[in-house]
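A.B. asks: Sequence and computational prediction follow.
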Amino acid sequence: MVNVDYDQQTAEQAIESGLADAVTFGRLFISNPDLPERFRRKATLAPSDHDTYYSGGENGYTDYPNLP
């Protein structure tokens, strides 16, 4: 299993090359709670706001847009 700074393309390459059996996504899931669907549709990813990480509020955790 690998993680940190993978996107869809690099994750697929890691699996296809045998580097990893699985890739985890932390920050991408924070700003894209629908990440698997975005990957499936090849949709644009919402950028994350690092200033809101661990801020104690909903801003930056539950206010990112979902795909229509």
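C.D. replies: Done, it's in. Numbers count the residues shown, from 1 in each chain.
A.B. asks: Buried residues of the helix ranked longest in the chain, list them for me.
C.D. replies: Counting residues, the longest helix found in the chain (DSSP state H) is helix 8-17. For helix 8-17, burial by neighbour count (16 or more other C-beta atoms under 10 Å) applies to 8, 11, 14. For every residue, glycine as well, the C-beta is placed using N, CA and C.
A.B. asks: can you pull the pLDDT of the last one?
C.D. replies: A14 carries a pLDDT score of 97 in this model.
A.B. asks: Excluding sequence neighbours, find me the nearest residue to it.
C.D. replies: Of all residues not flanking A14 in the chain, A20 sits nearest, at 4.5 Å (C-beta to C-beta, 6 or more residues apart in numbering).
A.B. asks: just to revisit the earlier point, of the buried residues of helix 8-17, closest to P33?
C.D. replies: P33 lies nearest to Q8 out of those, by C-beta to C-beta, at 15.8 Å.
A.B. asks: right, and the closest one touches F39 too?
C.D. replies: Yes: under the criterion of C-beta atoms under 8 Å, Q8 makes contact with F39 at 4.9 Å.
A.B. asks: Doesn't the residue nearest to A14 belong to a strand?
C.D. replies: No: using DSSP: H, G, I helix; E, B strand; the rest coil, the secondary structure at A20 is coil, not a strand.
A.B. asks: And it, how far from P47?
C.D. replies: Computed with C-beta to C-beta, to the nearest Å, the distance linking A20 and P47 is 25 Å.
A.B. asks: more crowded one of these two?
C.D. replies: The residue with more neighbours, out of A20 and P47, is A20; 16 against 9, by other C-beta atoms under 10 Å.
A.B. asks: Same question for the worst-scoring helix or strand of the chain on mean pLDDT: list its buried residues.
C.D. replies: Lowest mean confidence among the helices and strands of the chain (mean pLDDT, DSSP states H and E): helix 27-31, at a mean of 87. For helix 27-31, the neighbour count (16+ other C-beta under 10 Å) marks 28, 30-31 as buried.
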